[in-house]
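**Q** Next comes the sequence, and after it the predicted model I'd like to discuss.
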Amino acid sequence: MRLALYQPDIPQNTGAILRIAACFRVPVDIIEPCGFLIDDKRLRRAAMDYGGTVDFARHTSWERFLGDFRQKSAQRLVLLTTTGAETYTEFAFLPGDTLLLGRESAGVPPEVHNVADARVRVPIAAEMRSLNVAVAGAVVLAEALRQQGSFAGKAVL
């Protein structure tokens, strides 16, 4: 299981996602360009001291990420999107899945949407637009790991 961030805009959200990834021992792919410098002090503050424990890879473009992704066998790209037809609780996650999170300001463009093997959404109140990207990522990642039995016998607080 992996998390991938498509051209993140907000360093605090990326820092929060890095902290989530560290706590769940999940690697992260950061697909550039980002809306901030990776060494931004706001990113470090949000990640706290967890940032150094995360296995993360930087990709200079979507095309580079996709090339690397396609070289890995038996993996699916699962896009978290407000327009997903299936909710994350109905979806059957696999151990090799990469959960792709879009930009805070714009999600992902159609060409990224079209490449995804699956598109899932987190159901929220009808009058609300969306969850924060880090929150959505944490909710879906926790369910994906739960389905894989990753929490069996472990304290998660």
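**A** Everything's here; your move. As the structure is a computational prediction, the values presented were derived from the model and not from experiment.

**Q** Tell me the first helix or strand C-terminal of the least confident helix or strand in the chain by mean pLDDT.
**A** In the chain, no helix or strand scores lower on mean pLDDT, DSSP states H and E than helix 41-47, which sits at a mean of 58. Sequence-wise, the next helix or strand downstream of helix 41-47 (DSSP states H and E) is strand 56-59.

**Q** Same question for that next one: list its buried residues.
**A** Buried residues in strand 56-59, defined by neighbour count with 16 or more other CB atoms under 10 Å: Phe56, His59. For the C-beta atoms, the positions are set from N, CA and C on the backbone; glycine is no exception.

**Q** Against which helices or strands is it packed?
**A** strand 28-31, helix 62-71 (3 or more CB pairs under 8 Å, 6 or more residues apart in numbering; DSSP states H and E).

**Q** most packed of those?
**A** Highest mean neighbour count among those (mean count of other CB atoms under 10 Å): strand 28-31, with a mean of 22.

**Q** which residues sit against it?
**A** The contact list for strand 28-31, computed with CB atoms under 8 Å, 6 or more residues apart in numbering, reads 2-8, 14, 17-18, 21, 38, 54-59, 61-62, 65, 98.

**Q** now swap in stretch 120-138 and tell me
**A** Here stretch 120-138 has contacts from 3, 8, 10, 13, 16-17, 20, 78-88, 91, 99, 101-102, 104, 139-140, using CB under 8 Å, 6+ apart.
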